[in-house]
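In: Give me the fold of what follows.
(4 chains)
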Protein chains: 2
Amino acid sequence: MESKTFQDFLVGRGLKLTKERMAVVGEIFSTHGHFEPEHLYFKIRGSGIKASRASVYRTLNLLVQSGLVERISRSEKGNVYELTFGHKHHDHMVCTDCGEVIEFYSENLETIQNDICTKYSFEGTSHTLEIRGQCRTCRKRKK
Amino acid sequence: MESKTFQDFLVGRGLKLTKERMAVVGEIFSTHGHFEPEHLYFKIRGSGIKASRASVYRTLNLLVQSGLVERISRSEKGNVYELTFGHKHHDHMVCTDCGEVIEFYSENLETIQNDICTKYSFEGTSHTLEIRGQCRTCRKRKK
DNA sequence: CGTTCAATTGCAACTTAATCTCAATTTCAT
DNA sequence: ATGAAATTGAGATTAAGTTGCAATTGAACG
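Out: I've put the predicted structure just below:
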């Protein structure tokens, strides 16, 4: 079950896997792509087991600490998170017209970043690259 | 004077260069590096010409629209801006221990990003790359 | 100069995300 | 089953940023 590693994380800290936390984890694992806390909260409201807003936010923070989930950006309104467990690292292109998010990965990009870190004696642990602009569809539409 | 191009921008839109707006622009141009709106507001409070919080925020938005200033990230608490006028594009390394921000630039990185955009038929207009980790000093201290 | 009118200001109320407080409840190890 | 410790939910709170509106200001024109 997907909450296994989360449970490990919790137990290792003397914390408990409650039904509310399971509801949050379950919801996140059943969603693909990015999500926002508020949206997550309302989806949980509509599911079987309910959890308060406070619990959803608290669980989300625990998930980030556990490394299963990552905060990938702060949009105009609030944070955006992403499930990293079982997902390969990638970066994002965001269309400023329609909001579409395109994921991509480039080995070259990673290598160069490592080189840069070495150059500055910086120990890089993570990064976020966001390229903003217009996606293919919006470019066509504008023409 | 540095507010010249800003004035051009304003005039082109039928807006006015007021003393409050000048105070904001002056403060930003006299600061090097990054800044946060709230901090900017308090610095202006302490200077000769004062401007209300509302005016500071409104002017900041105009400056972003004019392209002289860019919002480079949202930190834990609020936005972080940077003066782009007269500054070459660069990316950031942020030390998660001490908060130090190191600026760097890599031609390679830019080229590869352009290639990626081409590959996805994406028209990239700007990007933000933030590498998080530990800076040289904090690495030493931890040892 | 002074008039005129749209743009601007400041204040305070508002919005929205997220956190915190605390009494009541639940969990897990024993 | 029991008890200590963790967790929950409801609502208050915080903080960044925005907005509405009456009063004020700037600049273009005569």
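In: Next up, the contacts around residue A:44.
Out: A:23-24, A:27, A:50-51, A:56 (C-beta atoms under 8 Å, 6 or more residues apart in numbering or on different chains). No exception for glycine: its C-beta is placed from N, CA and C like everyone else's.
In: How about the residues of chain A by DNA strand C?
Out: A:11, A:16-19, A:36-38, A:53-54, A:57, A:61, A:74, A:77-79 (C-beta under 7 Å from any atom of the strand).
In: which strands and helices sit next to the longest strand along chain A?
Out: Criterion DSSP state E: the longest strand present in chain A is strand A:123-134. Where contact means 3 or more C-beta pairs under 8 Å, 6 or more residues apart in numbering or on different chains; DSSP states H and E, strand A:123-134 is packed against strand A:69-74, strand A:91-95, helix A:107-119, helix B:107-119, strand B:123-134.
In: Look up the closest residue to whichever residue of chain A sits closest to DNA strand C, ignoring the ones flanking it.
Out: Closest approach of chain A to DNA strand C (C-beta to the nearest atom of the strand) occurs at residue A:78, with a separation of 2.9 Å. Excluding its sequence neighbours, the residue lying closest to residue A:78 (C-beta to C-beta, 6 or more residues apart in numbering or on different chains) is residue A:36, at 5.8 Å.
In: and that neighbour, backbone torsions?
Out: Backbone torsions of residue A:36, given as degrees, to the nearest 10, read phi -110, psi 140.
In: what bridges to the residue nearest to the spatial centre of chain A?
Out: Among the residues of chain A, the one closest to the centroid is residue A:82, at 1.5 Å (C-alpha atoms, centre = their mean). Taking DSSP bridges as the rule, residue A:82 bridges to residue A:34, residue A:70.
In: rewinding a little: so which of the helices and strands packed on strand A:123-134 has the densest surroundings on average?
Out: strand A:91-95 (a mean of 20; mean count of other C-beta atoms under 10 Å in any protein chain shown).
In: Run me through the strand neighbours of that strand, direction for each.
Out: Next to strand A:91-95 in the sheet, as set by DSSP bridges, lie strand A:101-104 (antiparallel), strand A:123-134 (parallel).
In: Can you check the pLDDT for the closest residue to residue A:102 other than its chain neighbours?
Out: Using C-beta to C-beta, 6+ apart and skipping the chain neighbours, the partner closest in space to residue A:102 is residue A:93 (4.3 Å). Looking at residue A:93, its pLDDT stands at 90.
In: tell me which residues form a beta bridge with residue A:93?
Out: residue A:102, residue A:131.
In: What residues does the closest residue to residue A:114 other than its chain neighbours make contact with?
Out: Distances taken as C-beta to C-beta, 6+ apart place residue A:124 nearest to residue A:114, at 7.1 Å, with adjacent residues excluded. Counting by C-beta under 8 Å, 6+ apart, residue A:124 makes contact with A:113-114, A:117, B:93, B:131-133.
In: So residue A:74 is in contact with residue B:74, correct?
Out: Yes - Residue A:74 lies in contact with residue B:74 (C-beta atoms under 8 Å); the separation is 3.5 Å.
In: For whatever residue of chain A ends up closest to chain B, name its beta-bridge partners.
Out: Proximity of chain A to chain B (C-beta to the nearest C-beta) peaks at residue A:74, 3.5 Å away. Applying DSSP bridges to residue A:74 gives these bridge partners: residue A:79.
In: separation between it and residue B:82?
Out: Computed as C-beta to C-beta, to the nearest Å, the residue A:74 to residue B:82 distance reads 16 Å.
In: cool, and residue A:6?
Out: 37 Å.
In: swap in residue A:46?
Out: 41 Å.
In: quick revisit: among the contacts of residue A:124, give me the pair with the biggest separation.
Out: Pairwise distances across those (C-beta to C-beta) peak at 13.9 Å, for the pair A:114 and B:132.
In: Taking the contacts of residue A:44, please make a PyMOL selection of just the buried ones.
Out: Buried subset of the contacts of residue A:44, written as a PyMOL selection, criterion 16 or more other C-beta atoms under 10 Å in any protein chain shown:
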select buried, chain A and resi 23+24+27+51+56
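In: okay if I get the contacts of residue A:44 as CSV plus pLDDT, secondary structure and distance to residue A:97?
Out: Output for the contacts of residue A:44, formatted as CSV (pLDDT from 0 to 100; DSSP: H, G, I helix; E, B strand; the rest coil; distance: C-beta to C-beta, whole Å):
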residue, pLDDT, secondary structure, distance to residue A:97
A:23, 95, helix, 35
A:24, 95, helix, 32
A:27, 94, helix, 30
A:50, 89, coil, 37
A:51, 94, coil, 35
A:56, 97, helix, 31
